[in-house]
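Give the three-dimensional model of this entry:
(one chain, ligands or ions: 2)
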Amino acid sequence: MRKVSVIGAGNVGATCANVVARKNIVNNVVLLDIKEGVAEGKALDMWQTSSVDFFHTRVHGVTNDYEATKDSEVVVITSGLPRKPGMSRDDLISTNAKIVKEVTENVVKYSPNAIIIVVSNPLDVMAYTAFKTAGLPKERVIGMAGILDSSRYKAFLADELSISPNCIQGLLLGGHGDTMVPLPRYTSVAGIPVQQLIDKDRLDAIIERTRKGGGELVKLMGTSAWYAPGAAAAQMVEAVIDDQQCFYPVAAYLDGEYGLNDLYLGVPIILGRQGIEKIIQIDLNKEERDMLDKSAESVKETLETLKGMNILD
Ligand SMILES: NC(=O)c1ccc[n+]([C@@H]2O[C@H](COP(=O)([O-])OP(=O)(O)OC[C@H]3O[C@@H](n4cnc5c(N)ncnc54)[C@H](O)[C@@H]3O)[C@@H](O)[C@H]2O)c1
Ligand SMILES: O=C(O)C[C@H](O)C(=O)O
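Ligands and ions are numbered 1, 2, ... in the order given. Sure thing, here's the model as predicted:
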């Protein structure tokens, strides 16, 4: 019986569970929340679409019952507050660190062999919180951000070029914040470098919009995004369950890679059944390296705030 659990049945968690269920890659998807009845209701609603959309993954909802998540192969953690207009992701740190810590303890108690995918914000620091709490190998606790950020980047490039996002390859590095590092030198359309297709000014504007992509949606909706984040997390679930061995940008624990230590940061990796099978270290020019260092500094500052709160002690 193959099982994936999603913790937090809010906007992102419910979307992720719904997308995973439609992929027919496991027998069970378990959705868990602390709000009485909400996960049960959303799971039932999803299950009632199975004959319409032709999927057969059983979707179960539970209220804080971790027994139901027992022996999950992958657990996605989405529990925690989303930001509101005017807030930064870092403003969520104290509330969400406590939630992510408590949730991770329960997750590993019932699924000690799971791959954990963290979605809660501030992402890089919440992935660190889950990693330090779980006590699992670093390859098995992974943050979701790069797939979302690069899918935004590709959507904006596709609009600019009036083409499908599916023929665009694009890469981003760094933290999941406004200092993230989209890499035009590693962006191409069917193998053609993007700089040959879009003027520098337009490309710079697209990169800036990508960096602020989460905030643009918060301003529009009053809360943060969920369709693309839920789908991006589901893509990571699929890559693990199917042992894809494919390249993805994710937040990984760095232990000397890129000359950085003891933090989570967005880097390209190979994702498969063991989680992070390999971190890929790409060549960076001085400008790209400076931007990566600036982004790492920003994540380290938030990490210091976390450490000062003594939540991980
Ligand atoms: N990494 C990313 O790229 C990315 C993208 C979007 C959202 N997010 C983050 O994901 C998180 C969830 O966003 P959302 O829009 O789904 O929020 P939401 O408010 O819709 O849902 C969060 C859910 O978590 C639940 N929850 C709170 N404490 C819990 C606990 N201890 N155990 C189980 N469930 C608990 C809440 O009851 C709620 O249903 C936020 O922190 C948001 O910032 C990250
Ligand atoms: O922007 C947010 O607060 C949520 C998420 O990190 C996003 O990028 O959509």
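
how deep is the residue in the chain that ligand 2 sits nearest to tucked in, by neighbour count?
Using Cβ to the nearest ligand atom, the closest approach of the chain to ligand 2 is made by residue 214 at 2.3 Å. Bear in mind the C-beta positions are built from the backbone N, C-alpha and C, glycine included. Using other Cβ atoms under 10 Å, the number of residues around residue 214 comes to 27.

Which helix or strand contains residue 39?
helix 38-47 (DSSP states H and E).

ok, the residue of the chain closest to ligand 2 - contacts?
89, 176, 224-225 (Cβ atoms under 8 Å, 6 or more residues apart in numbering).

What separation is there between residue 269 and residue 278?
Plainly put, residue 269 is 6 Å away from residue 278 if you go by Cβ to Cβ, to the nearest Å.

Those two: which is more packed in?
Neighbour totals were compared for residue 269 and residue 278, and residue 269 leads with 23 against 14 (other Cβ under 10 Å).

Report the beta-bridge partner residues of that one.
Using DSSP bridges, the bridge partners assigned to residue 269 are residue 248, residue 279.

Same question for residue 58.
The partner residues for residue 58, given DSSP bridges, come to residue 28.

ok, it touching residue 31?
No - assessed by Cβ atoms under 8 Å, residue 58 is found out of contact with residue 31, at 11.2 Å.

Please give the number of neighbouring residues around the residue of the stretch 201-313 of the chain found nearest ligand 1.
Taking Cβ to the nearest ligand atom as the measure, the stretch 201-313 of the chain has residue 229 as its residue closest to ligand 1, at 3.4 Å. Per other Cβ under 10 Å, the neighbour tally for residue 229 reads 26.

Report pLDDT for it.
At residue 229, the model reports a pLDDT of 98.

what does the chain have sitting close to ligand 2?
Residues of the chain lying close to ligand 2 by Cβ under 6 Å from any ligand atom are 83, 89, 121, 176, 214-215, 217-218, 224-225, 229.

Looking at stretch 56-68 now, give me its mean pLDDT.
Mean predicted confidence for stretch 56-68 is 98.

what about that stretch, start to end distance?
In stretch 56-68, first residue to last residue: 19 Å (Cα to Cα, to the nearest Å).

Check which residues of it are buried.
57-62, 66, 68 (16 or more other Cβ atoms under 10 Å).

Can you pick out the most distant pair from those residues?
57 and 66 (20.1 Å; Cβ to Cβ).

so residue 282 sits right up against residue 186, yeah?
Yes - Residue 282 is within contact range of residue 186, at 7.0 Å (criterion: Cβ under 8 Å).

okay, now residue 227: neighbour count?
12.

So which bits of the stretch 201-313 of the chain are right by ligand 1?
Counting by Cβ under 6 Å from any ligand atom, the residues of the stretch 201-313 of the chain near ligand 1 are 223-226, 229.

Kindly indicate which of these lies nearest residue 181.
Using Cβ to Cβ, those come closest to residue 181 at residue 229, 19.5 Å.

isn't residue 236 right up against residue 116?
No - Residue 236 lies out of contact with residue 116 (Cβ under 8 Å); the separation is 10.7 Å.

which residues does residue 14 contact?
Per Cβ under 8 Å, 6+ apart, neighbours of residue 14: 6, 31, 42, 46, 226, 230.

neighbour-wise, which of those leads?
Result: residue 6 is most packed of those (other Cβ under 10 Å), 37 neighbours.

And what about that residue, helix, strand or coil?
Following DSSP: H, G, I helix; E, B strand; the rest coil, we place residue 6 in the strand state.

So what sits opposite it in the bridge?
The partner residues for residue 6, given DSSP bridges, come to residue 31, residue 76.

Quick check, it in contact with residue 33.
No - the criterion here is Cβ under 8 Å, and residue 6 misses it with residue 33 at 9.3 Å.

Between the two, which contacts overlap?
residue 13.

Let's verify residue 265: helix, strand, or coil?
Assignment for residue 265 (three-state DSSP): strand.

I'd assumed residue 299 was in contact with it.
Yes - the criterion here is Cβ under 8 Å, and residue 265 meets it with residue 299 at 6.0 Å.

Find the residues that touch each one of those two.
Counting by Cβ under 8 Å, 6+ apart, the common neighbours of residue 265 and residue 299 are 124, 175.

In this structure residue 82 contacts residue 11, no?
Yes - the pair residue 82 / residue 11 is scored as a contact, 7.2 Å apart, by Cβ under 8 Å.

just the strands in the stretch 51-200 of the chain please.
58-63, 74-77, 115-118, 141-143, 168-173, 181-189, 192-193 (DSSP state E, counting those that start in this stretch).
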